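Undergrad: for reference, the sequence and a predicted model appear below.
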Amino acid sequence: MARILIPTPLRQFTGKQDAVSAAGATVGEVLDALAAAYPDLRKQIFTADGALRSFVNVYLNDEDIRYLARSDTPAAGGDTISLVPSIAGGSAALAPPAAAEALTNDEILRYSRHLIIPEVGVEGQQKLKAAKVLLVGAGGLGAPLGLYLAAAGIGRIGIVDFDVVDVTNLQRQVIHSTRDVGRKKIDSAAEKMLAINPALRVTKHETALASGNALEILKDYDLVVDGTDNFPTRYLVNDACVLLGKPNVYGSIFRFEGQSTIFACPGGPCYRCLYPEPPPPGLVPSCAEGGVLGILPGTIGLIQATETVKLILGIGEPLVGRLLLYDALAMRFRELKLRRNPECPACGEHPTITRLIDYHEFCGVPSPRSAAPAQESGVNEGEIGVTELKAKLDRGDNFVLIDVREPQEYGICSIPGSKLMPLGELPKRIGELDRTADIVIHCKSGGRSARACGLLRQAGFARVRNLVGGILAWSDKVDPSVPKY
C-alpha cells in the first residue's frame, strides 16, 4: 500500500490524520481508494467529472505526476504520495551592479564576520550594499525578513504595506512591539530596521499592491520577496515578477506547516506552474481563521532571507525548481521538484498573460472595497446585525443559532445559546437541522458563516441569515466581556 501524506488544510476530511495508506496499482487508483475511504475529501481533490483539481498538486515520492504519467503513474508499496494544495541547480546570481560602492571603515567593522567568509568577502558585501529588495508585506514573514536583511547590509529595502499593528499580530510579527499597537506597520518596521542598520535606505510604499501600481512599484528593485497572506496578491506578485523579469522569493505558512521556493528565475517555474488556478474561496483558511504557530513565520521568513542573500551574492544552490516543505510538528523538511510548465500562461513558451488582470475576480473573492465590514445600519438581505440578534434572544424567539467556528475557538468564547457545528462538519450534519427553521449562523467575523449560509441555501434552507461581523461584533456592540482573539 502507498502512504499518502495529508496536508493541514485537508486533514479535517481525514479525521485529523496526517498520513493514511491506500492500495492501488496507479496514483489514480490510490487516490480513488483514498476518496472512497474519506468521501468528504473527494470533492476537495477531484472535479465533478473525476479529474484532479488544478490547485492540488500530487507528487509520487519527490516527482510531480504531471511530468510522469499523471493519474496513470504506477504506484508501488512503500511509495509516498504527497498532496500539496495552494497555501495564502546551479547559481542564479543577479546582474552585478554597474559600479560597486566601496565599504567604509565602519561598514568593514560591522560586516567583518561576512568579510572573512570566502564566499562573501568584500566583493560580496558590496553586492549586498548595492542591492535593492522589495518586501511585500510587513507582517509574519516580513518581520524576520526585514530584520535580517537590514542586518545583512542590503543597501535599499522597499516595504509595501498599508495595515496597522494589532495586538493579535504580536504573537508572531516580532518586528512590532506592544507600544506599536495602532501604529502603521510600515512605520514600525522601518524604525526597527533602521535601528539595526542606520545606513539602510528604506522606501515606504504605503498602499495596497494592485494591478494599477504593481509594475511601477516593482520595476526599480532587483528582486521581490513575497510575504503576502492572500491569493489575489500572490498571483499579482507572480505575474508582475514574470512580466518584469524579477526573481520572486516565495514563502507561505499555515498552522504548523510552511513552504518556500523561488519563482520567476530564468528557466525556472513561476507560481502558476505550480498552481495554475486558485483554490475555491474558503477552502484554505487564513491565519486569522485557522491560526499559525507564532514561531513558524520566523523559520520560513529566515529561509526566504537566506535565499535572497544567496541570489544577490550568486552563491550556493538556490531554491529554483525546488519546493521546500516544512512540518514544525514533525520537525521535518522535505523537498519536491518543480518544473517550468511550457504551457504556463505566464512564463510558458507562448504566454497569454501579457498584462496584469483583476486578481480578486480571478480568485473569486470580493475586492477590498466591497469586502469592507458592513455597518449595522446597512445590513443586507440574508444578514442580521448583532443588536437584532440580541433582541431575538431577549424576546425568546424560536430560532437556531449555529456557530461554525472550530472547537478550540468555541472554547475561547461563545454567544449564549449557540450550537457548535464547525464549517468542515456542516455538510455531513445537515440532517440535524430543520429546513423550515429560522437559522442564524455566526463565526469569528462573518466569512466562514457566509459560506455556511450559502451551503445551507443550496441544500434547500430558505430562512438562513449570516451574523454581520460575527462574535467580534458581538463583543464590540453587545457584550464587551466576551474576549476578542
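TA: That came in fine, so what should we check first?
Undergrad: is residue 143 within a helix or a strand, and which one?
TA: Per DSSP states H and E: residue 143 is located in helix 142-152.
Undergrad: got it, and residue 154?
TA: Short version: residue 154 belongs to no helix or strand, going by DSSP H and E.
Undergrad: can you check residue 124 too?
TA: helix 121-130.
Undergrad: then whichever helix or strand comes after that helix to CSV, C-alphas only?
TA: For helix 121-130, the following helix or strand on the C-terminal side (DSSP H and E) is strand 132-136. The C-alpha trace of strand 132-136 is given here as CSV (Å, rounded to 0.1, in the frame of the first residue of the first chain):
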residue,chain,number,x,y,z
LYS,A,132,17.5,46.7,-3.9
VAL,A,133,15.0,44.3,-2.4
LEU,A,134,11.2,44.8,-2.1
LEU,A,135,9.3,43.2,0.8
VAL,A,136,5.6,42.7,0.0
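Undergrad: residues in contact with strand 132-136?
TA: Identification of contacts with strand 132-136 by CB atoms under 8 Å, 6 or more residues apart in numbering yields 142, 145-146, 149, 154-160, 209, 217-218, 220-228, 233, 237, 308, 312. Glycine gets a C-beta too; all of them are placed from N, C-alpha and C.
Undergrad: would you mind writing the CA trace of the very next helix or strand once past the helix holding residue 143 as PDB?
TA: Downstream of helix 142-152, the next assigned helix or strand under DSSP H and E is strand 156-160. Taking Å, rounded to 0.1, in the frame of the first residue of the first chain, the C-alpha atoms of strand 156-160 are listed here in PDB:
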ATOM      1  CA  ARG A 156      17.900  49.600  -0.100                       C
ATOM      2  CA  ILE A 157      14.800  47.800   1.100                       C
ATOM      3  CA  GLY A 158      11.300  48.800   0.000                       C
ATOM      4  CA  ILE A 159       8.200  47.800   2.000                       C
ATOM      5  CA  VAL A 160       4.700  47.500   0.700                       C
END
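Undergrad: residue 26 and residue 74 touch, don't they?
TA: Yes - the pair residue 26 and residue 74 passes the contact test of CB atoms under 8 Å, sitting 5.9 Å apart.
Undergrad: more neighbours: those two, which one.
TA: Using other CB atoms under 10 Å as the criterion, residue 26 and residue 74 rank with residue 26 on top: 18 against 13.
Undergrad: now do stretch 125-137, average pLDDT.
TA: Across stretch 125-137, pLDDT averages out at 98.
Undergrad: for it, measure first residue to last.
TA: Terminal residues of stretch 125-137 lie 25 Å apart, using CA to CA, to the nearest Å.
Undergrad: what segments of the stretch 1-150 of the chain are helices?
TA: 27-37, 39-45, 105-110, 112-115, 121-130, 142-152 (DSSP state H, counting those that start in this stretch).
Undergrad: and the last one, which residues are buried?
TA: Within helix 142-152, the residues that qualify as buried are 142, 143, 144, 145, 146, 147, 148, 149, 150, 152, counting by 16 or more other CB atoms under 10 Å.
Undergrad: from the chain's centroid, how far away is it?
TA: 19 Å (CA atoms, centre = their mean, to the nearest Å).
Undergrad: so where's the stretch 201-350 of the chain uncertain?
TA: 282 (pLDDT under 70).
Undergrad: all helices for it, in order.
TA: Under the criterion DSSP H, counting those that start in this stretch, helices of the stretch 201-350 of the chain are mapped to 214-218, 231-244, 271-274, 287-290, 296-313.
Undergrad: quick one, domains of the protein?
TA: Listed domain ranges for the chain are 2-85, 131-363, 376-477 (source: automatic domain parsing).
Undergrad: among these, which is the most enclosed?
TA: Mean neighbour count (mean count of other CB atoms under 10 Å) peaks for domain 131-363 among the domains of the chain, with a mean of 20.
Undergrad: quick one, what contacts the nearest residue to residue 167 once chain neighbours are set aside?
TA: Counting by CB to CB, 6 or more residues apart in numbering, residue 167 lies nearest to residue 181, which is 5.2 Å off, once chain neighbours are set aside. Contact partners of residue 181, counting by CB under 8 Å, 6+ apart, are 165, 166, 167, 170.
Undergrad: those into JSON lines, with extra columns for pLDDT?
TA: Output for those, formatted as JSON lines (pLDDT from 0 to 100):
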{"residue": "165", "pLDDT": "98"}
{"residue": "166", "pLDDT": "96"}
{"residue": "167", "pLDDT": "96"}
{"residue": "170", "pLDDT": "97"}
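Undergrad: quick one, phi/psi of residue 192?
TA: phi -70, psi -40 (degrees, to the nearest 10).
Undergrad: just the element for the residue nearest to it when sequence neighbours are not counted, please.
TA: Leaving aside its sequence neighbours, residue 192 sits nearest to residue 175 (CB to CB, 6+ apart; 5.1 Å). Using DSSP H and E, residue 175 sits in no helix or strand.
Undergrad: OK, contacts around residue 175?
TA: 138, 142, 143, 144, 146, 147, 188, 189, 192, 193.
Undergrad: quick one: the fifth one and residue 139 touch, right?
TA: No - assessed by CB under 8 Å, residue 146 is found out of contact with residue 139, at 10.2 Å.
Undergrad: burial of the nearest residue to residue 108 once chain neighbours are set aside, as a residue count?
TA: Leaving out its chain neighbours, the residue that sits closest to residue 108 by CB to CB, 6+ apart is residue 115, at 6.6 Å. For residue 115, the neighbour count with other CB under 10 Å is 17.
Undergrad: so residue 115 versus residue 121, what's the distance?
TA: Taking CB to CB, to the nearest Å as the measure, residue 115 falls 6 Å from residue 121.
Undergrad: residue 211 now?
TA: Distance of residue 211 to residue 121, given as CB to CB: 41 Å.
Undergrad: which residue of this protein sits farthest from its center?
TA: Going by CA atoms, centre = their mean, the residue of the chain most distant from its centre is residue 395, 42.8 Å out.
Undergrad: show me the contacts for the closest residue to residue 399 other than its chain neighbours.
TA: Of all residues beyond its chain neighbours, the one nearest residue 399 is residue 438 (3.9 Å), with distances taken as CB to CB, 6+ apart. Counting by CB under 8 Å, 6+ apart, residue 438 touches 397, 398, 399, 400, 463.
Undergrad: for residue 438, give me the pLDDT.
TA: 97.
Undergrad: test my guess that residue 139 contacts residue 230.
TA: No - judged on CB under 8 Å, residue 139 makes no contact with residue 230 at a distance of 11.1 Å.
Undergrad: got a list of what the nearest residue to residue 126 once chain neighbours are set aside touches?
TA: The shortest distance from residue 126 to any non-neighbouring residue, by CB to CB, 6+ apart, is to residue 100 (4.1 Å). Each residue near residue 100 by CB under 8 Å, 6+ apart is listed here: 123, 126, 127, 130.
Undergrad: for the last one, grab the count of nearby residues.
TA: Read it as residue 130. Residue 130 has 19 nearby residues by other CB under 10 Å.
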